[in-house]
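[1] Return atomic coordinates for the entry below.
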Amino acid sequence: MTVFLVTYELVSEANRAAIVKVLHEFPSWSRLSHNVYAVSTPLEADQIYAFLCPVLDFYDRVYIVAVQRPFAGLGVDRVNRWLDGHLPM
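    Okay, the predicted model is just below:
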């Protein structure tokens with residue numbers, strides 16, 4: 001499976017709950033920060049985007065980028081463990 005970072009910027013906070021709901025439907029995900037999730041999925045980036053499109057407004061921004069090791073950073077232990085367990089070499 002591929003791990004994708006999904007990062008978004010919303011024009012209206014009204015869409016946040018809907019976007020989070022879609023992201024939480026993935027079998028494996030981790031929230032890295034306020035507007036950034038990592039999801040592990042067999043889907044392609046454009047397929048993830050298609051799932052998000054119905055809950056995005058015209059001026060919202062979203063990027064879906066595949067990631068792999070190595071990674072570096074400082075954050076919450078549960079996120080570090082999730083990344084450790086899901087990112088391919």
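
[2] leaving aside the residues next to it on the chain, what's closest to Ala18?
    By the measure of Cβ to Cβ, 6 or more residues apart in numbering, the closest residue to Ala18 outside its immediate chain neighbours is Val55, 3.8 Å from it. For glycine as for every other residue, the C-beta is placed from the backbone atoms N, C-alpha and C.

[3] wait, isn't the one you found in contact with Val22?
    Yes: because the distance of 6.1 Å satisfies Cβ atoms under 8 Å, Val55 is recorded as touching Val22.

[4] now the helices: where do they sit in this protein?
    16-24, 45-52, 77-86 (DSSP state H).

[5] what helices or strands is the least confident helix or strand in the chain by mean pLDDT leaning on?
    Ranked by mean pLDDT, DSSP states H and E, the helix or strand of the chain with the weakest confidence is helix 77-86, at a mean of 93. Applying 3 or more Cβ pairs under 8 Å, 6 or more residues apart in numbering; DSSP states H and E, one finds that helix 77-86 contacts strand 28-33, strand 36-41.

[6] And it, what's buried?
    Under the neighbour-count criterion of 16 or more other Cβ atoms under 10 Å, helix 77-86 has Trp82, Leu83, His86 buried.
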